[in-house]
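Undergrad: Output the structure for:
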Amino acid sequence: MDAAPAHPAATVLLVRDRPGGVEVYLQRRPRRFGFAGGLWVYPGGRVDHSDRHPAIDPHWSGPPPDAWARRLGVDIHTARGYVVAACRELLEEAGVLLAHPAAATEDLDVARRDLLAGARNLAQVVEDLDVGLDTSLLRYWAWWLTPEAEPRRFDTRFFVAQVPAGASVIPHANEVVEEMWVQAPVDGVMLPPTYYTLRDVVAFGSAAAVLHAGVDRRVDRVLPVVDGSEIVLPWDERYPLPPGT
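TA: Predicted structure coming up:
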């Protein structure tokens, strides 16, 4: 049987400096969710059609879509979708907008509600806020595909961003039951992409070191294989399937 198509998705490892090293932000999804229900994840989700639209280009700050296309190894249309989805999901799920100049908190609250309600897309939000979507704050970190045996699959690009100065991280109450900052992976309650990207990032001594590494980090596609109750990684490491997956 042919594998199900993998839907484009983007997710962001939000990092900050703390004594002992870099911390990464995690959210636990409600158990009722069909994908990764009850597991710890990063802010992220599927690429929407509006994420790919060039209407956001005049409000784009930092590396432009064609530079991201070269970095991600895709066309401009697809690259724009991944980057905008990463920024949109970060605002929707964590209340953080990667933009310059920084927007006022009350304006961000309204923008976030509108995004979640579908009243505005991110291009309209940054235009109304009179800010530039600052993609210089993002680094491309990893590329994972859901195993071909799974009925629901994602082609996910992982990005890293440091919490902007003065920003508050506030989870979306309907999609998050818990939140935490960690300096080590949490065994058994996260999917392999979360576990391994987290393991890689917390090995660095500071957020600045993570961002520096992400400038020219080699990113290879990771396509695991399901073998019974385990997931087999391309480097022959095995990871137990989390409960309920």
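
Undergrad: which non-adjacent residue is nearest residue 135?
TA: In space, and not counting its chain neighbours, residue 135 is closest to residue 62: 3.7 Å by Cβ to Cβ, 6 or more residues apart in numbering. Placement of C-beta: from N, CA and C, glycine included.

Undergrad: mind checking the longest helix of the protein?
TA: Determined from DSSP state H, the single longest helix within the chain is helix 76-94.

Undergrad: Can you name the next helix or strand after that one?
TA: strand 99-100 (DSSP states H and E).

Undergrad: Now tell me what touches the very next helix or strand once past that following strand from outside.
TA: Sequence order places helix 105-117 as the next helix or strand after strand 99-100, per DSSP H and E. Helix 105-117 is contacted from outside by 88, 91-92, 95, 97, 103, 119-122, 125, 128-129, 168, 172, using Cβ atoms under 8 Å, 6 or more residues apart in numbering.

Undergrad: Now do helix 105-117 and helix 76-94, the angle between them.
TA: Relative orientation of helix 105-117 and helix 76-94, computed by axes from the mean of the first three to the mean of the last three Cα atoms, to 10 degrees: 110 degrees.

Undergrad: And the strands in the chain?
TA: All strands of the chain, identified by DSSP state E, fall at 6-18, 21-28, 40-41, 44-46, 60-61, 99-100, 132-134, 138-145, 153-162, 178-182, 221-222, 225-227, 230-232, 238-240.

Undergrad: Just say which of those strands is most tucked in.
TA: Comparing these by mean neighbour count (mean count of other Cβ atoms under 10 Å), strand 153-162 ranks first with a mean of 24.

Undergrad: In terms of secondary structure, what does it contact?
TA: When contacts are defined as 3 or more Cβ pairs under 8 Å, 6 or more residues apart in numbering; DSSP states H and E, strand 153-162 sits against strand 6-18, helix 76-94, strand 138-145, helix 192-201, helix 207-215.

Undergrad: so what does the fourth one touch, helix or strand wise?
TA: To tie it back to what came earlier, the one meant is helix 192-201. Applying 3+ Cβ pairs under 8 Å, 6+ apart, one finds that helix 192-201 contacts strand 6-18, strand 21-28, strand 138-145, strand 153-162.

Undergrad: which other residues reach that helix?
TA: Helix 192-201 is contacted from outside by 13, 15, 22, 24, 26, 39-42, 141-142, 144, 156, 158, 160, 182, 184-187, 190, 210, 222, 224, 231, 233, 239, using Cβ under 8 Å, 6+ apart.

Undergrad: Can you name the residues that contact residue 186?
TA: Shown in contact with residue 186 (Cβ under 8 Å, 6+ apart): 26, 40, 195.

Undergrad: Please report the distance of residue 108 from residue 95.
TA: Per Cβ to Cβ, to the nearest Å, residue 108 is found 7 Å from residue 95.

Undergrad: what sits against the closest residue to residue 100 other than its chain neighbours?
TA: In space, and not counting its chain neighbours, residue 100 is closest to residue 134: 4.4 Å by Cβ to Cβ, 6+ apart. Going by Cβ under 8 Å, 6+ apart, residue 134 touches 61, 62, 98, 99, 100.

Undergrad: So for the first one, what's the pLDDT?
TA: The model reports residue 61 with a pLDDT of 92.

Undergrad: ok, now how distant is the nearest residue to it once chain neighbours are set aside from residue 125?
TA: Excluding its sequence neighbours, the residue lying closest to residue 61 (Cβ to Cβ, 6+ apart) is residue 132, at 3.1 Å. For residue 132, the distance to residue 125 equals 12 Å [Cβ to Cβ].
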